[in-house]
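K.L.:
Got a predicted model here, sequence first, then my questions.
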Amino acid sequence: MGRLILVSNRLPVTLRRSGDETTLVRSVGGLVAGLGPVHDSEDSLWIGSPGGEMDDIRRKTLEKHRLIPVPLPREKARRHYEGFSNGVLWPLFHYFLESANFDPQDFEAYRFVNQCFADVIANHAKPGDTIWVHDYHLMLLPSMLRQQLPNARIGFFLHIPFPSSEVFRVLPVAETILEGLLGADLIGVHTYDYSRHLGTAYRRMLGREVDDDAISWEGGRCHIRVFPLGINAAHYAELGQSPEVQRRLRSWTRRVAHRRVVLGVDRLDYSKGIPLRLEAYRRLLISEPQWRKQVLFLQLAVPTRSGMPQYRRLRQQVEQKISHINGEFGDPGRMPVHYLYRSVPEQELSALYLLADVAMVTPLRDGMNLVAKEYVASRTDNTGVLVLSEFAGVASELGEALSINPWDLDGTARTLSRALSMDPEEQKERMSALRHRVLSKDARQWSRAFLDTLSSFSGRSVSASTSGSPRGWQARLHREFAAARRPLIVLDYDGTLTGFAAEPGHAQPDTDLLVLLQKFSKVRGLEVVLLSGRDRDTLAQWFGHLNIHLMAEHGFFLRMRGKEEWNEIASDFDHSWLPAVEEVMISYLARTPGSFIERKHSGLAWHYRKAEPELGRRQGLELAHHLTESFANRPLRVLKGSCVVEAHHQGIGKGWAYRTLLHRLGKRDFVLAAGDDRTDEDMFRAVESGVWSIKIGAGVTAARVRLESPEELRTLLALALEARSRNQEASRTLTAVPGPSKADRAKSAAVTRGSAGPRRSRTLGKR
Ligand code: GDG
């Protein structure tokens, strides 16, 4: 088992130096609250910038706690943190479009810092380690890491919202950010909305298909999943009972002198909605004056990003608002708002959670918000009311809270009044339901769920050619091919032997491919079949001069090598549904600019790869649904491929074609079958064990092995050919040495009979 490498922009501590002594103080914030317990209990390293000067003593102190600093030049670090991360991504992702100030130099620093992280991580990572990158400061890092560590297991978690793609696309470097994330095997977010937004951004901005919540790209598959962060709820419940917290609670209870307490706890950030919350409270005091002497609003605001002008302005604004309210409604010794601008120890926070009759968690936007969960976890006696903004990620989990829209000031004031007057029965009912939810999923479960999912995906998304022992299977395949007497090679064309072109007609074979196929066509005993979804004319035009078999329209037509005519493999199909399906497709053509229909003898295909991606995808889904439902009683099969919806006769498919082919060609002692998309999966499922079924590209597959690209397949084929000619050369010169042993031949022949047999075959050339 490898180690876990946690990566965040800042290390979770601040170093304090007094005299000779260096101590660590844990930082405050949601990310540290979520990951701290993971680091405490795992064999992990945590890599991040130390946020200050570094020397040997500091470095050693950090290393004792398994913390690895990433040294950053000061100006780059400032532009990365204040400039791009918190000056652009933070406001934009929280829907403060006008506060986002994009400066290309800041983005350059962002890129630079992400690269510094990649270099430090690459120096520390060992094979088998899991790298888990956190948050918006490091969104280019997954792909940078993938370049340096192609086989690494890489996860990414975004702690803040991912906005609607309509907002995200405002960002001039939005595409680069999306590309930067693709290097991760798994991207985690807090809510379904964020995952949907992210998927839409990939579709609309990069034109990527998002299939089964995953994006396939040239180097692998990147999954998007929802993992709502939890807290260590048992800890909060216990902490509240400790003598220290109880002492602090008594002291506060004396100070509030029988008033009801409304609590706000936030980093002093504009996303948290503190000024509007205060204004709503003010409106309550105006509209329901009886509360003026009975309520204390206690706002704990933790200093954050105080170097940035926006945050300094926010502080002024909040403090002015508070003095305004206190001036308007306060008496000496009895102010309606009590304000703490500092970070307090955990015991103090716990005492405040216990003290508060009402907690107001009213952000304008928040990725999750852990304060809401901490308040709930602390209320072991099921009293207290949570007032919660509908714009916090946590709102999707905590339905029993009193929900508010923070912009609706009067509505919020009314809800606050309702919270203050709620009878104990209703409080108990709501709070116990909330507690049940918060206690059922803690931070440990969250990290477990993420890491388990990551390990289940990263195995599949790494291609077989780069995982395990790549040379192992390829060398074995070559040996078996070299020794086979009656080999068969079945190849799909588009996406398998060549890449995709925007126009199907533009994907003609290049000379290299034709030369390669020509060489194969001359190998004695070998049968080569091109099994494609394309029509007869195209295949005949491109490959008709080669001495190989051609199968068109997924095997509906067969042209045996050396022959001119095509045969319909089965002629008793009912085609009467074709005109009606075509009519439906024409209606989709009309409302989807850029789409087109391909007419084949055995069916129809509606392509949308040139349409606006999101529109094409939606129409494609709708068309597939429409055809499946409307023609349920007809013998047709609807297939949704990559930017295409196909309707063809039921029963026709590459699996069926493969079986028919074997029947015609007779038993084979070696079979290689390669393809890249869903139609080829039919064939992969139909082949016997022992067959070399090869999936080209990413995605879940039934094939035995995987290669990344058509180029890799071509290389594999060329080397197989070489191995075979070497073998024949050797058997000519070493006439005294017998051919493959009887036993080997028997094993090889078993391939097409459905028995795996031992995979290794001996060859003359290798002896
Ligand atoms: C980001 C996202 C997401 C606060 N004051 C003190 C103190 N805290 C602790 C709280 C809580 C944490 O800080 C704040 O977490 P939040 O989740 O509320 O907010 P962010 O810092 O903005 O966190 C957020 C989070 O990441 C996790 O993914 O939920 O949406 O914005 O744990 O208890 N802790 C101490 N003293 C304080 O004065 N000790």
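P.N.:
Ah, there it is.

K.L.:
which residues in the stretch 51-200 of the chain form helices?
P.N.:
In chain order, the stretch 51-200 of the chain shows helices spanning 56-64, 74-78, 90-93, 104-124, 141-148, 165-168, 174-181, 192-206, with DSSP state H, counting those that start in this stretch as the criterion.

K.L.:
for the ligand, what are the nearby residues on this protein?
P.N.:
Within reach of the ligand by CB under 6 Å from any ligand atom, the chain has these residues: 28-31, 33-34, 159-160, 229, 265, 267, 300, 302, 343-344, 346, 349, 366-371, 374. Quick note: C-beta positions are derived from backbone N, CA and C, even for glycine.

K.L.:
Those in helices, which ones?
P.N.:
Secondary structure defined by DSSP state H assigns 30-31, 33-34, 346, 349, 370-371, 374 of the residues of the chain next to the ligand to helices.

K.L.:
now, among those residues, which is nearest to Ala174?
P.N.:
Looking at these and their distance to Ala174, the nearest is Leu31, at 23.3 Å (CB to CB).

K.L.:
give the contact list for the closest one.
P.N.:
In this structure, Leu31 makes contact with 8, 12, 134-135, 159, judged by CB atoms under 8 Å, 6 or more residues apart in numbering.

K.L.:
Format the residues you listed as a markdown table; extra columns: pLDDT and neighbour count.
P.N.:
A markdown table is the format used below for these (pLDDT from 0 to 100; neighbours: other CB atoms under 10 Å):
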| residue | pLDDT | neighbour count |
| --- | --- | --- |
| Ser8 | 97 | 23 |
| Pro12 | 93 | 22 |
| His134 | 97 | 22 |
| Asp135 | 97 | 20 |
| His159 | 97 | 22 |
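
K.L.:
from those, which two are the most distant?
P.N.:
Distance extremes for those: the farthest pair is Pro12 and His159 at 13.2 Å, using CB to CB.

K.L.:
For the ligand, what's its nearest residue on the stretch 501-650 of the chain.
P.N.:
Glu614 (27.6 Å; CB to the nearest ligand atom).

K.L.:
and the helix or strand that that residue is a member of, C-alpha only, in CSV?
P.N.:
Here Glu614 sits within helix 613-630, counting by DSSP states H and E. What follows is helix 613-630, C-alpha atoms only, in CSV (Å, rounded to 0.1, in the frame of the first residue of the first chain):
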residue,chain,number,x,y,z
PRO,A,613,-22.0,20.4,-28.2
GLU,A,614,-24.6,20.9,-25.5
LEU,A,615,-27.5,21.2,-27.9
GLY,A,616,-26.2,18.2,-29.9
ARG,A,617,-25.9,16.1,-26.7
ARG,A,618,-29.4,17.0,-25.5
GLN,A,619,-31.0,16.3,-28.9
GLY,A,620,-29.0,13.1,-29.2
LEU,A,621,-30.4,11.9,-25.8
GLU,A,622,-33.9,12.9,-26.8
LEU,A,623,-33.7,11.2,-30.2
ALA,A,624,-32.3,8.0,-28.7
HIS,A,625,-35.2,8.0,-26.2
HIS,A,626,-37.7,8.9,-28.8
LEU,A,627,-36.7,6.1,-31.2
THR,A,628,-36.4,3.5,-28.4
GLU,A,629,-39.9,4.4,-27.1
SER,A,630,-41.7,4.8,-30.4
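
K.L.:
hmm, back to that, between the ones in helices among the residues of the chain next to the ligand, which is nearest the ligand?
P.N.:
Proximity of those to the ligand was ranked by CB to the nearest ligand atom; the top entry is Gly30 with 2.3 Å.

K.L.:
how about that closest one, what does it touch?
P.N.:
159, 229, 367-370.

K.L.:
Dump the ones in helices among the residues of the chain next to the ligand to a markdown table, plus distance to Val358 and pLDDT.
P.N.:
Formatted as a markdown table, the entries for these read as follows, by distance: CB to CB, whole Å; pLDDT from 0 to 100:
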| residue | distance to Val358 | pLDDT |
| --- | --- | --- |
| Gly30 | 22 | 75 |
| Leu31 | 27 | 84 |
| Ala33 | 22 | 82 |
| Gly34 | 25 | 82 |
| Glu346 | 21 | 94 |
| Leu349 | 16 | 97 |
| Leu370 | 18 | 96 |
| Val371 | 13 | 97 |
| Glu374 | 15 | 97 |
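
K.L.:
can you give me the helices in the stretch 651-767 of the chain?
P.N.:
Going by DSSP H, counting those that start in this stretch, the stretch 651-767 of the chain shows helices at 654-665, 678-686, 710-733, 742-749.

K.L.:
So which elements touch the third one?
P.N.:
Spelled out, it's helix 710-733. When contacts are defined as 3 or more CB pairs under 8 Å, 6 or more residues apart in numbering; DSSP states H and E, helix 710-733 packs onto helix 470-483, helix 511-521, strand 692-696.

K.L.:
So which elements touch the second one?
P.N.:
Helix 511-521 sits against strand 527-531, helix 710-733, with contacts defined as 3+ CB pairs under 8 Å, 6+ apart.

K.L.:
Tell me which residue of the stretch 651-767 of the chain lies closest to the ligand.
P.N.:
Relative to the ligand, the nearest point of the stretch 651-767 of the chain is Ala698 (29.2 Å; CB to the nearest ligand atom).

K.L.:
for the helix holding Glu614, which positions count as buried?
P.N.:
Counting neighbours by 16 or more other CB atoms under 10 Å, one finds that the buried residues in helix 613-630 are 613, 615-617, 619-620, 623-624, 626-627.

K.L.:
swap in stretch 602-612?
P.N.:
Of the residues in stretch 602-612, those buried (16+ other CB under 10 Å) are 602-609, 611-612.

K.L.:
For Gln147, report the pLDDT, please.
P.N.:
At Gln147, the predicted lDDT confidence score is 88.

K.L.:
ok, the residue of the stretch 651-767 of the chain closest to the ligand - how many residues close by?
P.N.:
Look at Ala698: counted by other CB atoms under 10 Å, it has 22 neighbours.
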